[in-house]
Each structure stands twice: as structure tokens, then as C-alpha cells.
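Peer 1: Predicted model and sequence below, questions to follow.
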Amino acid sequence: MAAPAQLVSPNAEVVAKSQSLLVNVSAARGLQSVLKSNLGPKGTLKMLVGGAGQIKLTKDGAVLLHEMQIQHPTAMLIARTATAQDDMTGDGTTSVVLLTGELLKMAERHVSEGMHPRVIAEGYDLARDKALEVLDAIKVPIDTKNLDRELLSNVARTTLRTKLQNKVADVMTDSVVDAVLTVRRPDSDQIDLHMIEVMTMEHQLGADSRFVRGLVLDHASRHPDMPKRLTNCHILTCNVSLEYEKSEVASGFYYSNADQREKLIESERKFTDDKVRQVIDFKRMVCKEGESFVMINQKGIDPLSLDMLAKEGIFAARRAKRRNMERISLACGGSAVNCFDDLEASQLGYAGLVYETSLGEENYTFIDEVKNPMSCTMLLKGPNKHTIAQIKDAVRDGLRAVAAVLEDGCVIPGGGAFEVAAAHALDQPEFKTGPAAGKKIFGVRAFAESMLVIPKILAENSGFDVQESVVALQDAFAKGGQPVGLDLVSGAPTDSGANGIWDSYRVKKQYLHLSTVLATQLLLVDEVIKAGKQMGKQAAAPGDDVDM
Ligand SMILES: Nc1ncnc2c1ncn2[C@@H]1O[C@H](COP(=O)(O)OP(=O)(O)OP(=O)(O)O)[C@@H](O)[C@H]1O
Ligand SMILES: [Mg+2]
């Protein structure tokens, strides 16, 4: 019999009923098997090769899903949901794909035996709510007033080690924690990670990356005589042109002899020189012995002005980026000035050290040791582009993981500890005969089984026997009642929290929500119809050529 959609449009391409579930499940499992080898610190890497031969090595689910070419519509839907997880929480992308795939796989067994998908979907919703309760019970609150730095380092380390080699991850751990703590404001719950600038330099090794409690600008002074290294610096940020300007409206200079021309040029020059002199006078006024003066200008400074400033020992950088101007005022204090007429000492910022380095063609200015660092920089180094890209992606995850922990005020033991606890709770007789009684129990059981996909795949990726490891975890949890996760070195159950393996609360919460919603929606799809132009093509559109 034709599928119902074909009665409406005989040419519609339709995948109907049981077939459509099979199509969805196989796509979900396909995506799952692509990503599963990347889960956890022992996961393997994927190499992405671009059309022009660009290479990217990555383990990050979000990067993979963004950059892989995915054609199957269901797989694309899952990939979009998983990247939404990354957009919202910064982590857990791979886990979403794995859990969604597993939920669909489990459901398909029941549906093929004739159960209605709606029954399973109800079971999934119920089980998800129970799992969220477990999540709230298992979370370990942290003291956001007296911060335990070790705990934050552990969170950062857990995330970074899933993406980088241990050595590089450990170097970055402290930097990531420092950076987040630097931009954290005690009076606000939200942490603005945009205040952390991530700068990359193709130079040295990944392990040489570091944290700068200040700023790194990718431009430098433009005069050879200017000092390259200054201490105790007053910083003037300004937006004043110190060069001959081209007028913005059509205008002209008219003169009738050479004398007049000289005069015009002289007065124009004097206009600029006066402004430079104002800065120099100001510098003389504020700088005491052992102090120096740095000027960062958003507009241009012409060579003659630079010369005057250099003679005075002032370090001047021109054409600074607007973004940097804002961050300099935040990091060093002071405020940007638009006019040199009433300069005041309160408008100046302060930095303990300002110095310039050049790498090949590129020049950089470091503004370091600032007093009130509301904005800071992570300087990432690496010998080549793909190493830098890998570190950059990992650092992004690390920053967000630490910020999430501070914002949530709690952590979740990792290594599959939560998943084992949730599966255990769903399997308790009180629950099975209580809220989950009746047909829903099939969905609940399938959900419990699906949760175990995370510890299973962590075990598989570390080379342990999957069943043995998971059963050991479940036994240990049933006996002890305390959360236990998988130790990826020995394969035995362990107290993940005590070993410093922490996940963030919002990541787990979000991944439960997203995976369940997506899996139930795909489960309830009974026809896949190719929509779009094709369907209406038979009816001639106005203006079409009609064959008679
Ligand atoms: N040292 C460790 N020992 C045991 N489990 C770990 C360890 N480090 C991380 N994990 C576990 O690995 C899982 C996270 O792995 P991973 O970061 O590769 O995937 P993801 O967060 O789901 O996706 P992605 O980070 O790619 O967006 C979590 O379940 C976490 O508990
Ligand atoms: Mg992760």
C-alpha cells in the first residue's frame, strides 16, 4: 500500500513506519561509532583533511561535528543538537552523540517486537527526570567564597587531559585556573570569558604556552629609538590623531606663492606638534624618578611625532585595535582620552612591566604585572598551526569548564560515576513498582542500560574488558553506596572525586535533556518525507514553459 504521504503527492519520496525508525537508528549508530573512539583521556585522535590540504588533529566532538561533512539528515540533526550542547556548556558533545545513539538502539529492539514508540518515549521521559534527581543528589557543592584552588585545577586538568597530551595539559591547567580567577568578579555570578584574550604564536612548543596577567598586543612601537623594555609604567590610552589628516570632506588648500604654501604647512605641522608637546609636558609632570611613560593610540602617529616622543623616552604604539583599547583600560585602570587639553593623572593606567618582542615578521607588546587585572591573556605557543589549533580548542573547553563550576557552585564525580549511580537508581524496586510501574518500565530499563554507554566506552577506549569493568563498577556502587568511577589506569572501580576527576554539573544536566528529547523525537517519527520543491514540481508554476 502506498504511504499516506503518497496519496497527497504520488512522487513524494517516503520512508515509512518501521523503515523510518531503522533509518534513524542506523544513522545515529553510524555517528556514534565514528565518535566513540574519541571519548575520554584515552580516546584516539581524528585527522581532518581540508580541501586545500589543511590538516587538523582533534579529539573534540564539537570540532569534529562542525568540520566533518555529514550528509544524512538524521545524523545532521544529531550533530546539530550535540553542537548546541557545546555552544551552551562547552563540553559533553561526544557524550550527547553516544547517549542519543544508545537510546535509539535500545528503543529499536522493543519497537521491532511490536511495542508502540510512544510507550518507550514516556518511559524515557520518566527515567530522565529520575536521573536528574540522582544528579542533584550526587553533586558535591563547593565553597565559592573560600575557593579550593586544587579542586578547580582538577576540573581544568580533567577537561584538558581529554584533549591534549598530559604534559601540555598540565602546563595549561594552572594558566586556565589563573585566567578564570582573574576575570571573575566577586560581586557577580556570571563570568565573562571574553575578558580572556587567547593569543597564539607560532613559536617554540606547546609546553611553552603561558598566562600573562595583563595583555599582549599584536603591534609594537614604530620607532627604532623607543625603549624596548620599561618598568613602572604610566599608561596613556588615547584616541587622538597625531598625524596630518586627510580631510573627510572635499576641500582644498589654496595658495598663490611658495611662501603661503610654507606657512600653511607650518601651521598644520604646528597643530600636530602642539598636541605631541602636550603629551610630553604631561609626561614630565607625572613621571618621577624610575617611572616611565607608555602611550597607546588608536589613531595614527606620524614619523615626526614619533621622533619627538622617542627623544623623550616615551614608548608609543599606534593604530591599536579598538577591542584592545577597551581591555587596556580594564586591565591597567585609567580611561581613554579623546583630547589632550585637560590631561589628568587619574586618566592614566599602570603596568609594572611593558616590553616588546618580535618573532619573525610579527611584533608583540606585552603589558604585564598590571595592578587590577580585570582582563588577561593566555599566550598559546606551538611549533605549527595544527598544534596551536588543538591547544586553543582544548583551552576553550578548559576555561568554560572552570567557569561553569564556579557559576554552578558544584561538581560531579566523573569517570562514569554519575551514569552508574543513575542506572542503579532506575533499577531499584521502589522505583520500578512505583512511578515506573506498567508498560513504561520497558522504556525505563532501556534508559538505564543506555546510561552505561559512557563507562562502557571509557573502558573500551582504555583497552579493558567492557562487561567486566561495568559489572565491577555496578557491584562496587551497590555495595558501598558511594559514587564510583572507572580508573582508566587500572580498570578498577575507584573514588573518582578523590582522584580529582570531576565533571561539571551543567554539562551532565544538559546532556541528559538534549539526548532524551532528541531520541524521543526521532523515535516518534513515523515517516520521513523528502519535502521541498520536488513535491510541487508537477503542478506547473506560473511562468513555466508548458509542453502541449
Ligand atoms: N581521568 C579520567 N578518568 C576517568 N574518566 C575520565 C577522566 N577524564 C575524563 N573522564 C571522563 O570522560 C568523559 C568526557 O570525555 P570527553 O571530554 O572526551 O567527551 P565529552 O566531554 O563528552 O565531549 P567533548 O569534550 O568532545 O565535547 C567524562 O564522562 C569524564 O568523566
Ligand atoms: Mg569533554
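Peer 2: Right, received. Where do you want to start? Ligands and ions are numbered 1, 2, ... in the order given.

Peer 1: buried set for stretch 221-237?
Peer 2: Buried positions in stretch 221-237, judged by neighbour count with 16 or more other CB atoms under 10 Å: Ser221, Arg222, His223, Met226, Pro227, Leu230, Asn232, Cys233, His234, Ile235, Leu236, Thr237. For the C-beta atoms, the positions are set from N, CA and C on the backbone; glycine is no exception.

Peer 1: ok, the fourth one - contacts?
Peer 2: Contact criterion CB atoms under 8 Å, 6 or more residues apart in numbering gives Leu306, Leu309, Ala310, Ile314, Phe315, Ala316 as the residues in contact with Met226.

Peer 1: That one: what secondary structure?
Peer 2: coil (DSSP: H, G, I helix; E, B strand; the rest coil).

Peer 1: quick revisit: greatest separation within the contacts of Met226: which pair is it?
Peer 2: Farthest-apart pair in the contacts of Met226 is Leu306 and Phe315; separation 10.7 Å (CB to CB).

Peer 1: okay, the contacts of Met226 in CSV with secondary structure, neighbour count and pLDDT next?
Peer 2: CSV is the format used below for these (DSSP: H, G, I helix; E, B strand; the rest coil; neighbours: other CB atoms under 10 Å; pLDDT from 0 to 100):
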residue, secondary structure, neighbour count, pLDDT
Leu306, helix, 23, 90
Leu309, helix, 24, 90
Ala310, helix, 18, 90
Ile314, coil, 25, 90
Phe315, strand, 25, 90
Ala316, strand, 25, 90
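
Peer 1: got the contact list for stretch 119-126?
Peer 2: Defining contact as CB under 8 Å, 6+ apart, one finds that stretch 119-126 is touched by 103, 107, 110-111, 435-436, 439-447, 516, 519-520, 523-524.

Peer 1: What average pLDDT does it get?
Peer 2: For stretch 119-126, mean pLDDT is 93.

Peer 1: Provide a list of residues in contact with Arg310.
Peer 2: No Arg there; residue 310 is Ala. Going by CB under 8 Å, 6+ apart, Ala310 touches His223, Asp225, Met226, Ala316.

Peer 1: how about 6 Å then?
Peer 2: Ala310 makes contact with His223, Asp225, Met226, according to CB atoms under 6 Å, 6 or more residues apart in numbering.

Peer 1: do Ala336 as well
Peer 2: Counting by CB under 6 Å, 6+ apart, Ala336 has contacts Thr237, Asn239, Met325, Ser329.

Peer 1: give me that answer again for 10 Å
Peer 2: Ala336 is in contact with 236-240, 296-298, 320, 322, 325-326, 328-329, 347, 349, counting by CB atoms under 10 Å, 6 or more residues apart in numbering.

Peer 1: And it, how close does it get to Thr144?
Peer 2: 33 Å (CB to CB, to the nearest Å).

Peer 1: Which helix or which strand is home to the residue most central in space within the chain?
Peer 2: Centroid-nearest residue in the chain, with CA atoms, centre = their mean: Arg396, separated by 4.0 Å. Per DSSP states H and E: Arg396 is located in helix 385-408.

Peer 1: Looking at the buried residues of stretch 221-237, which is nearest Gly51?
Peer 2: Arg222 (38.7 Å).

Peer 1: Pull up the gap between the closest one and ligand 2, please.
Peer 2: Distance, Arg222 to ligand 2, by CB to the ion, to the nearest Å: 43 Å.

Peer 1: Repeat that for Leu242.
Peer 2: Remark: distance between Leu242 and ligand 2 (CB to the ion) = 49 Å.

Peer 1: Then Asp60?
Peer 2: Noted for Asp60: a distance of 8 Å to ligand 2, by CB to the ion.

Peer 1: thinking again about what came up before, from the contacts of Ala310, which single one is nearest Lys59?
Peer 2: Among the contacts of Ala310, and counting by CB to CB, the member closest to Lys59 is Met226, at 44.5 Å.

Peer 1: Run through the contacts of Ala336 and flag the ones next to ligand 1.
Peer 2: Among these, no residue is within reach of ligand 1 (CB under 6 Å from any ligand atom).

Peer 1: quick one: which of those residues sit in strands?
Peer 2: Mapping those onto strands (DSSP state E) picks out Leu236, Thr237, Cys238, Ile296, Asn297, Gly349.

Peer 1: partner residues bridging the fourth one?
Peer 2: On the basis of DSSP bridges, Ile296 is bridged to Thr237, Ala317.

Peer 1: burial measure for it, as a count.
Peer 2: Using other CB atoms under 10 Å, Ile296 has 29 neighbouring residues.

Peer 1: Now do the contacts for it.
Peer 2: By CB under 10 Å, 6+ apart, the contact list for Ile296 reads 215, 217, 219, 221, 235-239, 315-320, 324-325, 328-329, 332, 336, 349, 354, 365, 367.

Peer 1: Tell me how far it lies from ligand 2.
Peer 2: Computed as CB to the ion, the Ile296 to ligand 2 distance reads 38 Å.

Peer 1: can you give me the strands in the stretch 201-350 of the chain?
Peer 2: Taking DSSP state E, counting those that start in this stretch as the criterion, the stretch 201-350 of the chain carries its strands at 210-212, 215-217, 229-238, 292-297, 315-317, 349-359.

Peer 1: residue of this protein with the smallest distance to ligand 2?
Peer 2: Of all residues in the chain, Asp91 sits closest to ligand 2, with a separation of 4.1 Å (CB to the ion).

Peer 1: helix, strand or coil for that residue?
Peer 2: Three-state assignment for Asp91 (three-state DSSP): coil.

Peer 1: Quick one: residues contacting the residue nearest to the centre of the chain.
Peer 2: 60, 62-63, 86, 90-91, 159, 163, 176, 193, 196, 198, 378.

Peer 1: pLDDT score assigned to Lys371?
Peer 2: The model's pLDDT for Lys371 equals 76.

Peer 1: how near is whichever residue of the stretch 201-350 of the chain sits closest to ligand 1 to Val405?
Peer 2: The minimum distance from the stretch 201-350 of the chain to ligand 1, using CB to the nearest ligand atom, falls at Gly206 (18.4 Å). Counting by CB to CB, the separation of Gly206 from Val405 is 24 Å.

Peer 1: and the two? which has more neighbours close in?
Peer 2: Shown here are Gly206 and Val405; by other CB under 10 Å, Val405 has more neighbours (25 against 21).

Peer 1: isn't that one right next to Leu152, touching?
Peer 2: Yes: Val405 is in contact with Leu152 according to CB atoms under 10 Å; the separation is 6.7 Å.

Peer 1: Which residues are in contact with each of the two?
Peer 2: Counting by CB under 10 Å, 6+ apart, the contacts common to Val405 and Leu152 are Ile142, Val180, Val411, Trp502.

Peer 1: between the residues you listed, which is closest to Lys36?
Peer 2: Once CB to CB is applied, the member of the shared contacts of Val405 and Leu152 that ends up nearest Lys36 is Trp502, at 22.4 Å.

Peer 1: could the contacts of Ala310 go into a markdown table alongside distance to Asp274 and pLDDT?
Peer 2: Putting these into a markdown table (distance: CB to CB, whole Å; pLDDT from 0 to 100) gives the following:
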| residue | distance to Asp274 | pLDDT |
| --- | --- | --- |
| His223 | 20 | 82 |
| Asp225 | 22 | 85 |
| Met226 | 21 | 86 |
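
Peer 1: Tell me how far whichever residue of the chain sits closest to ligand 1 lies from Asn499.
Peer 2: The nearest approach of the chain to ligand 1 comes at Gly414, 2.7 Å away (CB to the nearest ligand atom). According to CB to CB, Gly414 stands 9 Å off from Asn499.

Peer 1: which residues are in contact with both of these two?
Peer 2: Asn154, Thr158, Gly485.

Peer 1: By neighbours, which of those wins?
Peer 2: Counting neighbours by other CB under 10 Å, Gly485 comes out on top of the shared contacts of Gly414 and Asn499 with 28 neighbours.

Peer 1: In this model Gly491 seems to touch that one, though I could be wrong.
Peer 2: No: taking contacts as CB under 10 Å, Gly485 lies outside contact range of Gly491: 11.8 Å.

Peer 1: where do the strands sit along the stretch 51-200 of the chain?
Peer 2: 55-58, 140-141, 196-202.
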